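Undergrad: following is a predicted model, sequence given first.
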There are 2 protein chains.
Amino acid sequence: MPTKSTRVPTHASTPVKRRPGGRSARVQDAVYSAVGKLMATQRPDQITVPMVAELADVNPTSVYRRWGDIDALLEEVAVAAFTREDEVLPDTGSLEGDLREWARVITDDIVRPHRTRYLRAMVNARDGVVLDACPCWTARREQLAEMISRAHTRGERTPSVEQVLDHVIAPLYHHVVFALPADTAYAERLVDDVLSMRSAESR
Amino acid sequence: MPTKSTRVPTHASTPVKRRPGGRSARVQDAVYSAVGKLMATQRPDQITVPMVAELADVNPTSVYRRWGDIDALLEEVAVAAFTREDEVLPDTGSLEGDLREWARVITDDIVRPHRTRYLRAMVNARDGVVLDACPCWTARREQLAEMISRAHTRGERTPSVEQVLDHVIAPLYHHVVFALPADTAYAERLVDDVLSMRSAESR
DNA sequence: CCTCTAAAGCAATGACCTTTGCAATTAGTG
DNA sequence: CACTAATTGCAAAGGTCATTGCTTTAGAGG
């Protein structure tokens, strides 16, 4: 069992890691990059520590010592990949336009093979637990809240954040992870459906 | 590589298997049962052939010879588990009542740990392919078609089969496989939402 | 520039999985 | 009932993965 270092650093300003200097950072980057490359072609559950270690030109022992096992590493890389906030929110002037564009971007993102594998890796890691929140959904939730808030100030009648998550995001991700066909047209159909629903507050 | 027998049987009436007699059937039952028991406690991707072989009191070699690898075996057992047609369709007199009851039964089914693991196993097996149809969804689709057809004969305005699949089934399965909370109340909310949508044919 | 120690590398070890050849069992068939 | 072949059991061998003790490297602070 890998005993994670929990010693408190001298200054509160220094990050949790005790020695984030050049070499450790280089190793971590190399390992992350190797995982990303393997994800492009390999199924998550057949990626092994020696595989990523060789591709990263790092000793397997280092990977075992820092991450414990392959699952922890994959999970870490997966959430890192999905929490990057480099997306710009669409602002078309109407909620319908915003949602269509937003759903289109998300769809084009997650249908790419390596993104699909990240999703499936996250599915695998969740065993025996029920999470109230998931890092990659909180980002979506915030984006949605922003777009819906804007629509409200324009006086539009809108569905709730939860309704859009349940009826646009969930079906999209569902189709992708279960290998069912998913494309932009499907995403737009979902947006049409959710916009035709009676809004939540009138329930 | 396991060379699957492709020899044509003498009579077209005889099934594909060449020797489905007592012993083979017993072995298959034991293996299926062992997989089911392991699924109750183990993650799919850490179930190994020797594990199921020992629990089934069967030689590992037999499993390798018949199924090739653990993935093929798990996939086979999973689809077998999800295509059992022992469910009775609800018939409450209204589509709303039918859907609520139907969604409730499905929810109670898939939140059980071993059922969740079967779903995740199916997710894993789907790599690099996009399927037009999935065996466990065709069953749902047929059940839905029946209920909606009955509602139509009663003169009810109904959503389409696809809409119910996308907005009730998909979010439910999504929540379950991603370890997000899912219960009967959630399922009923989804049913309410889909029933408040503008129906598909009026689009 | 020097010291200290966290982190990485190395090598040996053990455990487990998978394959393969051969013998034994047993289900179909005449 | 006897015959044939499909299927299983057995055992050995090869390969990969994961762990562990020790050594070496190189940040970080004085």
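TA: Looks like it arrived, so ask away.
Undergrad: how is chain A divided into domains?
TA: Described in terms of automatic domain parsing, the domain architecture of chain A consists of the residue ranges A:22-82, A:95-197.
Undergrad: dump those domains to JSON lines, plus distance to residue B:89 and mean neighbour count.
TA: For every residue, glycine as well, the C-beta is placed using N, CA and C. Rendered in JSON lines, the data for those read as follows (distance: least, CB to CB, whole Å; neighbours: other CB atoms under 10 Å in any protein chain shown):
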{"stretch": "domain A:22-82", "distance to residue B:89": "36", "mean neighbour count": "17"}
{"stretch": "domain A:95-197", "distance to residue B:89": "23", "mean neighbour count": "19"}
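Undergrad: out of these, nearest to residue B:91?
TA: Within the domains of chain A, the stretch nearest residue B:91 is domain A:95-197; the backing value is 26.2 Å (CB to CB).
Undergrad: out of the domains of chain A, nearest to residue B:75?
TA: Across these, the minimum distance to residue B:75, taken as CB to CB, is reached by domain A:95-197, at 12.2 Å.
Undergrad: quick one: is that closest one near chain B?
TA: Yes. With CB under 8 Å from any CB of the partner chain as the measure, domain A:95-197 is seen reaching chain B through A:113, A:117, A:120, A:122-124, A:126-132, A:134, A:137, A:163, A:166-167, A:170-171, A:173-175, A:177-181, A:189-190, A:192-193, A:196-197.
Undergrad: need the helices for chain A, in chain order.
TA: Listed in chain order, the helices found in chain A under DSSP state H are A:22-39, A:49-56, A:60-67, A:70-82, A:95-110, A:113-125, A:135-153, A:161-164, A:170-177, A:184-195.
Undergrad: convert the second one to PDB, retaining C-alpha atoms only.
TA: What follows is helix A:49-56, C-alpha atoms only, in PDB (Å, rounded to 0.1, in the frame of the first residue of the first chain):
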ATOM      1  CA  VAL A  49       2.100   0.600 -15.700                       C
ATOM      2  CA  PRO A  50       5.100  -0.900 -17.500                       C
ATOM      3  CA  MET A  51       3.500   0.300 -20.800                       C
ATOM      4  CA  VAL A  52       3.300   3.900 -19.800                       C
ATOM      5  CA  ALA A  53       6.600   3.800 -18.000                       C
ATOM      6  CA  GLU A  54       8.400   2.600 -21.100                       C
ATOM      7  CA  LEU A  55       6.700   5.200 -23.300                       C
ATOM      8  CA  ALA A  56       7.500   7.900 -20.800                       C
END
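Undergrad: by contact count, what packs against that helix?
TA: With contacts defined as 3 or more CB pairs under 8 Å, 6 or more residues apart in numbering or on different chains; DSSP states H and E, the secondary structure elements packing on helix A:49-56 are helix A:22-39, helix A:60-67, helix A:70-82.
Undergrad: list the contacts of that helix.
TA: The contact list for helix A:49-56 (CB atoms under 8 Å, 6 or more residues apart in numbering or on different chains) reads A:27, A:30-31, A:33-35, A:37-38, A:42, A:59-60, A:62-64, A:69-70, A:73.
Undergrad: for chain A, give me the ranges with low pLDDT.
TA: Counting by pLDDT under 70, chain A contains low-confidence residues at A:1-21, A:199-203.
Undergrad: for residue A:173, see how far away the residue nearest in space to the middle of it is.
TA: To find the centre residue of chain A, average its C-alpha atoms and take the closest one (CA atoms, centre = their mean): that gives residue A:82, at 2.8 Å. Look at residue A:82 and residue A:173: by CB to CB, to the nearest Å, they are 11 Å apart.
Undergrad: and residue A:87, by the same measure?
TA: Counting by CB to CB, the gap from residue A:87 to residue A:173 is 16 Å.
Undergrad: likewise for residue A:194?
TA: For residue A:194, the distance to residue A:173 under the criterion CB to CB works out to 15 Å.
Undergrad: same question, residue A:88
TA: When distances are taken as CB to CB, residue A:88 and residue A:173 turn out to be 21 Å apart.
Undergrad: can you check residue A:124 too?
TA: Per CB to CB, residue A:124 is found 15 Å from residue A:173.
Undergrad: that older thread, between the domains of chain A, which gets nearest to residue B:78?
TA: When those are ranked by proximity to residue B:78, the top entry is domain A:95-197, at 12.1 Å, counting by CB to CB.
Undergrad: okay, how far is it across that closest one, tip to tip?
TA: This stretch, domain A:95-197, spans 14 Å end to end (CA to CA, to the nearest Å).
Undergrad: and if you look at stretch A:119-130?
TA: Calculated as CA to CA, the first-to-last residue distance of stretch A:119-130 is 16 Å.
Undergrad: centre of the chain versus it, how much separation?
TA: Stretch A:119-130 has its C-alpha centroid displaced from the chain centroid by 12 Å (CA atoms, centre = their mean, to the nearest Å).
Undergrad: start and end of stretch A:40-55, how far apart?
TA: 13 Å.
Undergrad: run the chain-centre distance for it.
TA: Relative to the mean C-alpha coordinate of its chain, stretch A:40-55 is positioned 20 Å out (CA atoms, centre = their mean).
Undergrad: that stretch near DNA strand C anywhere?
TA: No. Against DNA strand C, stretch A:40-55 shows no contacts by CB under 7 Å from any atom of the strand, the least distance being 7.5 Å.
Undergrad: right, is that stretch up against DNA strand D?
TA: Yes. Using CB under 7 Å from any atom of the strand as the criterion, contacts between stretch A:40-55 and DNA strand D involve A:48-51.
Undergrad: return the member of those nearest to residue B:106.
TA: Taking CB to CB as the measure, residue B:106 sits nearest to residue A:48 out of the residues of stretch A:40-55 next to DNA strand D, at 36.3 Å.
Undergrad: dihedrals phi and psi, that closest one?
TA: Main-chain torsions, residue A:48, degrees, to the nearest 10: phi -110, psi 160.
Undergrad: which ones are touching it?
TA: Taking CB under 8 Å, 6+ apart as the criterion, residue A:48 is in contact with residue A:70.
Undergrad: now residue A:173
TA: Neighbour list for residue A:173: A:110, A:119, B:174, B:178 [criterion: CB under 8 Å, 6+ apart].
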